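In: With the sequence up front, the predicted model follows.
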Amino acid sequence: MPAKDLNWGFITNQRIQQLKSQVRAKEERIVELETENAVLHLKLAEYHGIIERSNSKAMQLCCLYNQQQDLRRNTYSNLTQIYQVVQELRGNIRVHCRIRPLLPFDTESRDPALQNRSISLSEKVIHATDDETVLVRCSRPGHPLLNKTFQFERVYSPLESQKIVFGDVCPLLTSLLDGYNVCIMTYGQTGSGKSYTMLGPHSENDPISPSEAEQEMGIIPRAAGELFRLLSENPTIDPRVEVSIVEIYNNELFDLLAKDSSGIFGVKRDVITTKEGKSNVPMLTYELVESPYEFMKIINKSLQLRVKHPTLVHADSSRSHLVVTVTLTISVPFDSFTDQQAIQKLCKETLCSTPQKVMKSEKACFSPRGLSPAPIPLDPTEQHKQVQTKLQLVDLAGSECIGMSGVTGTILRETSFINRSLAALADVLGALSEHRGHIPYRNSKLTHLLQDSIGGDAKLLVMLCVSPCQKYLAETLQSLGFASRARQVQRVQAKRRNLLVSGKSK
């Protein structure tokens, strides 16, 4: 080969190597810019939260002043009417707070700069002073004493068991059979006990005995057992129980019960708003279940598909939101509606005659067998109707501080989407509490999917999970602030489901 051709080939190869090097450099720069963009999104969400909290505080003070003036002007009869309205707000969000016990990883730190402070960082600063009050008491060098309380409908101390927690959740299963939609969700920082509260222990590295497993069962397996127990007590209702399970990961919704063309579970779906203004997931898979065993078999299989990655805060951190929807269709005799009509009349007469009791019985407004909406007109020629209700069980991904979790790369991107979706949830609650004309449900797949539960007429219980130690104080305060805003939301009155299919009893 001529020397001229050899030189030209050498020059060409050199140029190709230079271009490849430039492409690699630009690809690395793109990754850096994407990471910076995710961090900026988090900062923007944080600043939005600060502005929202400032505006909310000013509005609260203004509303408080106006309320005080109104109370001075109003007569005793007007106050009685207020209590009647409060009693009838059965669909308002209820918020419970659970403080987990100190755990071994609370004293661990991979950051050498913090290892000498492990004892002080694991100091308990979050306390349950009674069954309705959380006390945050922290004294840090160079900082003023923090002494703040938060009020919730129920507060669980670290010593209270899974059984006790479910005892307050259990009445909602009766509401489901009474014709009401129900949603239960856990919220909190990574490692605060959300998945444990909702599911129970599920770590393969820490096996426990069958008796311990039964004691440690979370809300979902206990709800399955209670639901089928209630159904078995009334064989005349001809129940049909169907389950769907979706995962929201990086703001994309996946159907964990569906297979793609390759036979892999987890098919991407979309969430839409119907003409009636309800959220819906077209082509979502529903599995018929006939026992708690079948129910949990599907749940456990789906949990294996859930995206998890280790962080400095939690070695088995869930990186997605999990939404389990139970659709119950039952045949209801007309007697139940006429009974509810009689109960409604009796409750209204009681409320009008004893306003003092209304104030004391405010907690009872969430009872599944209390005051109900106006009865549905009855057709005397028919004896049974079919009613469809939904139970949504939501295990949210944990909110995280990037500096604390120590995530980078792909996991940093996951954290960005998690924090942004939780910020969108906070935005929706803020808009609802302020009665804005536009509620930003579509800013996130999470809020769009849960639109009917958050702002609709379902009974919603938010189970806030928090860590007790100083190490996670900033994240805990953020969670407590979120839950306090959730309590301010006044939604429409909970409604019994419309009748679906009519038919004469056999």
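Out: The structure has been received and is ready for your questions.
In: Let me know how buried His143 is, in neighbour terms.
Out: 8 (other C-beta atoms under 10 Å). C-betas here are computed from N, CA, C, even on glycine.
In: got the contact list for it?
Out: Residues near His143 by C-beta atoms under 8 Å, 6 or more residues apart in numbering: none.
In: Backbone dihedrals for it, please?
Out: Backbone geometry at His143, expressed as degrees, to the nearest 10, gives phi -130, psi 150.
In: From Ile237, how far out is it?
Out: 58 Å (C-beta to C-beta, to the nearest Å).
In: Any stretches of the stretch 251-400 of the chain with poor pLDDT?
Out: 307-318, 333-384, 400 (pLDDT under 70).
In: which residues of it fall in helices?
Out: 292-303, 334-353, 355-360 (DSSP state H, counting those that start in this stretch).
In: buried ones in the first one?
Out: What it means is helix 292-303. 292, 294-296, 298-299, 302-303 (16 or more other C-beta atoms under 10 Å).
In: Run through who's touching it.
Out: 199, 202, 220-221, 224-225, 227-228, 241, 243, 245, 247, 256-257, 265, 287, 289, 322, 324.
In: Please repeat the previous calculation with a cut-off of 7 Å.
Out: 202, 220-221, 224-225, 228, 243, 245, 256-257, 287, 289, 324 (C-beta atoms under 7 Å, 6 or more residues apart in numbering).
In: The residue nearest to Val394 when sequence neighbours are not counted sits in which helix or strand?
Out: Leaving aside its sequence neighbours, Val394 sits nearest to Met185 (C-beta to C-beta, 6 or more residues apart in numbering; 3.6 Å). Met185 belongs to strand 182-188 when elements are defined using DSSP states H and E.
In: what's the average pLDDT for the helix or strand following that strand?
Out: Going down the chain from strand 182-188, the next helix or strand is helix 194-199, by DSSP H and E. Averaging pLDDT along helix 194-199 yields 93.
In: and helix 194-199, what other elements does it pack with?
Out: strand 182-188, helix 219-232, strand 384-395, strand 459-466 (3 or more C-beta pairs under 7 Å, 6 or more residues apart in numbering; DSSP states H and E).
In: Mean pLDDT lowest where, among the ones you listed?
Out: Among the helices and strands packed on helix 194-199, strand 384-395 scores lowest, with a mean of 89.
In: CA-only coordinates of that one, as PDB, when you get a sec.
Out: Only the C-alpha atoms of strand 384-395 are listed here, as PDB (Å, rounded to 0.1, in the frame of the first residue of the first chain):
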ATOM      1  CA  HIS A 384     -82.300  -5.700  45.600                       C
ATOM      2  CA  LYS A 385     -79.900  -3.400  43.900                       C
ATOM      3  CA  GLN A 386     -76.200  -3.800  43.200                       C
ATOM      4  CA  VAL A 387     -73.800  -1.300  44.600                       C
ATOM      5  CA  GLN A 388     -70.100  -0.800  43.700                       C
ATOM      6  CA  THR A 389     -67.600   0.700  46.100                       C
ATOM      7  CA  LYS A 390     -63.800   1.000  46.100                       C
ATOM      8  CA  LEU A 391     -61.100   0.700  48.700                       C
ATOM      9  CA  GLN A 392     -57.800   2.200  47.800                       C
ATOM     10  CA  LEU A 393     -54.700   1.300  49.900                       C
ATOM     11  CA  VAL A 394     -51.700   3.600  49.100                       C
ATOM     12  CA  ASP A 395     -48.100   3.100  50.200                       C
END
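In: Go through it and flag the buried ones.
Out: Those would be 384-395, for strand 384-395 by 16+ other C-beta under 10 Å.
In: Dump those into CSV; add distance to Arg100 as well.
Out: Listed next are those as CSV, based on distance: C-beta to C-beta, whole Å:
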residue, distance to Arg100
His384, 46
Lys385, 44
Gln386, 42
Val387, 38
Gln388, 36
Thr389, 31
Lys390, 29
Leu391, 25
Gln392, 23
Leu393, 19
Val394, 19
Asp395, 15
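In: of the residues you listed, closest to Gln488?
Out: Nearest to Gln488, judged by C-beta to C-beta, of the buried residues of strand 384-395 is Val394 at 20.1 Å.
In: what packs against the biggest helix by length in the chain?
Out: In the chain, assigned by DSSP state H, the helix with the most residues is helix 3-73. On a contact count with 3+ C-beta pairs under 7 Å, 6+ apart, helix 3-73 meets helix 409-433.
In: From what I see, Phe166 and Pro221 are in contact.
Out: No. Using C-beta atoms under 7 Å, Phe166 makes no contact with Pro221, being 9.6 Å away.
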